[in-house]
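Enquirer: Just a sequence and a predicted model for now, questions to come.
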Amino acid sequence: MAKVSIGLMLKADRSLVRHQIPNEEILSFKKYAFKNEVAAGVTLINSAYYYIMIIISPSIPTILVGGTLLYLGLVFSNKLFKRSFLNFEESKIRERLNLIMAKSLKAYDDGEYQKFLEALSKEFKIGVSLFKLRKREDSISPEDIISTLLGYGFRSDYIAYLLNLLGEVLSSGKIRVEGKTTKDLKAIAMDVFNGALNKRLKEEAKELDNRIRESQKNCHINNVNPLNKFIDFVSLKNNNDNIAQEHKDDAQEMPFTSRLEEIRNITIINQAIFDILDAGEEEIERAIKSIKKIQDSINRNYQFVNVFKWRCEILEDLLWVITGKELPKESSKESSKESSKESSKESSKESSQKSSKLPLISYTVNDNGDLL
C-alpha cells in the first residue's frame, strides 16, 4: 500500500518557485563587507596619525584630545571590522545553502533519494545543518527548517516545495536510517508535510506581496531622487528592505500567496491520498475535509488554477473507488456545480490529453503492490 501511495502522489511544479537565494542579495552582503573593511582601514590610519601626534608633541592638550580620538578610532574600526566579517560570512552561508539546494534537487531528479537526504542535511556552517537524521533518536523539525531558510532569504513558496519533496522522500520506502523503521520514517514525513501548511509561510508570502506593491508605488520617487542613491552609496549598513529584481519579476506573473497556495494544495491532496488508502473511518473523514479545503482554495484562486479542479475531481473519484463514499454536496452549491459541469468536462479532456502526470485513476497494481 505504501508503494501505491507514492505512485499516486502529485508533484508540485518547480517552475513556480526559486530554489536559490538571488545573487543580487549575496552580492549586497559582499559589497557592504568591503565597504566596512575600507572604512575600518581608514579609521585605523587616522588613529595611527593621532598616536604619532601624541609621541611628537606630548603636551597635555595633545594627549587629551589625541588620546580620546585614538581610543574612539580604535573602538570604531574594531566595530567596522566585525561588521565586515559578519557580512562576508553571511554571503558565504547563502552560497553554501544555494549549493546544498542545487545538489539536493539534482539527487532528487536522478531518483537518488538517499543522496537527496544526505545532501540536504549537510552542514552549511560549523555544527549547523537544516536537520540531522542519522540515528534512531534523530528527528526533523519543520519549524526549524522554516525559520532557518526564511532567515537566510529563501522564499516561503520554495520552502513549502522543499518540505513536499522531503516528505515524499521520507515516505518512499527507498531510504535507510539506522534504527528507524519505514513506519517511523512515514511518521516523520507526515510532520514534514504539515510543515508545508505552516501559517508562518503564508504570512511571509503575504508580507512579500505587500512589500513589492509598496516598492512599485515608490519606484518612481526612488529612481529620480539622487539623494537616495548617494545615501545607499555611503551607507555602511546592509539595507535588508531591498527586494531582488527576480522577485519583482515573479510577482508580475503570479502573487507569492497564490504560488504558495498551489503548493499547499499539492500537500493537502497527497495527505488526502494517504488517508483514503488507509481507509480508516477517521482518515476518510479527514480526507473529505481535505478535498473540501482544496475546492475552497480553487474558488478563491480560480485565475491562477491550472488543472487543480480536475485533480480534485479525480481525488473524489479515488475516494469513491476505495471506500464507496461520495463527497457530501451542499444544496447551495449544487446548482452552481451543475452549471459549470459541462465547461469543466471540456477543460478536463484537454488537460488529460496534454498532461501525462495526472491520470491517477488509471493506475493498476499487481499482486506485489507495484504500480503498472
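Expert: Cool, the structure landed.

Enquirer: Spit out the contact partners of residue 290.
Expert: 268, 269, 271, 272, 275 (CB atoms under 8 Å, 6 or more residues apart in numbering). Backbone N, C-alpha and C define where each C-beta goes, glycine included.

Enquirer: Tell me the pLDDT of it.
Expert: Note on residue 290: pLDDT of 78.

Enquirer: Does it lie in a helix or a strand, and which?
Expert: Assigned by DSSP states H and E, residue 290 falls within helix 281-300.

Enquirer: So which bits of that helix are buried?
Expert: For helix 281-300, burial by neighbour count (16 or more other CB atoms under 10 Å) applies to 283, 284, 286, 287, 288, 290, 291, 293, 294, 295, 297, 298.

Enquirer: Ok, stretch 114-127 next?
Expert: 115, 116, 117, 118, 119, 120, 121, 124.

Enquirer: for those residues, which one is nearest residue 71?
Expert: Within these, proximity to residue 71 (CB to CB) peaks at residue 124, which comes in at 38.2 Å.

Enquirer: For the stretch 251-372 of the chain, give me the ranges with low pLDDT.
Expert: Residues of the stretch 251-372 of the chain that meet the criterion pLDDT under 70 lie in 279, 298-372.

Enquirer: Does residue 175 fall in a helix, a strand, or a coil region?
Expert: coil (DSSP: H, G, I helix; E, B strand; the rest coil).

Enquirer: Can you report how many residues neighbour residue 70?
Expert: 20 (other CB atoms under 10 Å).

Enquirer: ok, so of the buried residues of helix 281-300, who is nearest residue 135?
Expert: Using CB to CB, those come closest to residue 135 at residue 283, 30.2 Å.

Enquirer: so residue 130 touches residue 145, yeah?
Expert: Yes: Residue 130 is within contact range of residue 145, at 5.2 Å (criterion: CB atoms under 8 Å).

Enquirer: what packs against the longest helix along the chain?
Expert: Across the chain, the longest stretch assigned as helix under DSSP state H is helix 60-109. If you count contacts as 3 or more CB pairs under 8 Å, 6 or more residues apart in numbering; DSSP states H and E, helix 60-109 packs onto helix 23-56, helix 113-120, helix 156-170.

Enquirer: hmm, try it at 10 Å
Expert: helix 23-56, helix 113-120, helix 142-151, helix 156-170 (3 or more CB pairs under 10 Å, 6 or more residues apart in numbering; DSSP states H and E).

Enquirer: closest one to residue 16 among those helices?
Expert: helix 156-170 (6.3 Å).

Enquirer: Can I get that closest one in PDB, CA atoms only?
Expert: What follows is helix 156-170 as a C-alpha-only set of coordinates in PDB (Å, rounded to 0.1, in the frame of the first residue of the first chain):
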ATOM      1  CA  SER A 156       8.200  30.700   1.500                       C
ATOM      2  CA  ASP A 157       6.800  29.100  -1.700                       C
ATOM      3  CA  TYR A 158      10.200  27.300  -2.200                       C
ATOM      4  CA  ILE A 159      10.300  26.200   1.500                       C
ATOM      5  CA  ALA A 160       6.800  24.600   1.100                       C
ATOM      6  CA  TYR A 161       8.000  23.000  -2.100                       C
ATOM      7  CA  LEU A 162      11.100  21.600  -0.400                       C
ATOM      8  CA  LEU A 163       9.100  20.200   2.500                       C
ATOM      9  CA  ASN A 164       6.900  18.500   0.000                       C
ATOM     10  CA  LEU A 165       9.900  16.800  -1.600                       C
ATOM     11  CA  LEU A 166      11.300  15.900   1.800                       C
ATOM     12  CA  GLY A 167       8.000  14.300   2.900                       C
ATOM     13  CA  GLU A 168       7.800  12.400  -0.300                       C
ATOM     14  CA  VAL A 169      11.400  11.000   0.100                       C
ATOM     15  CA  LEU A 170      10.800  10.100   3.700                       C
END
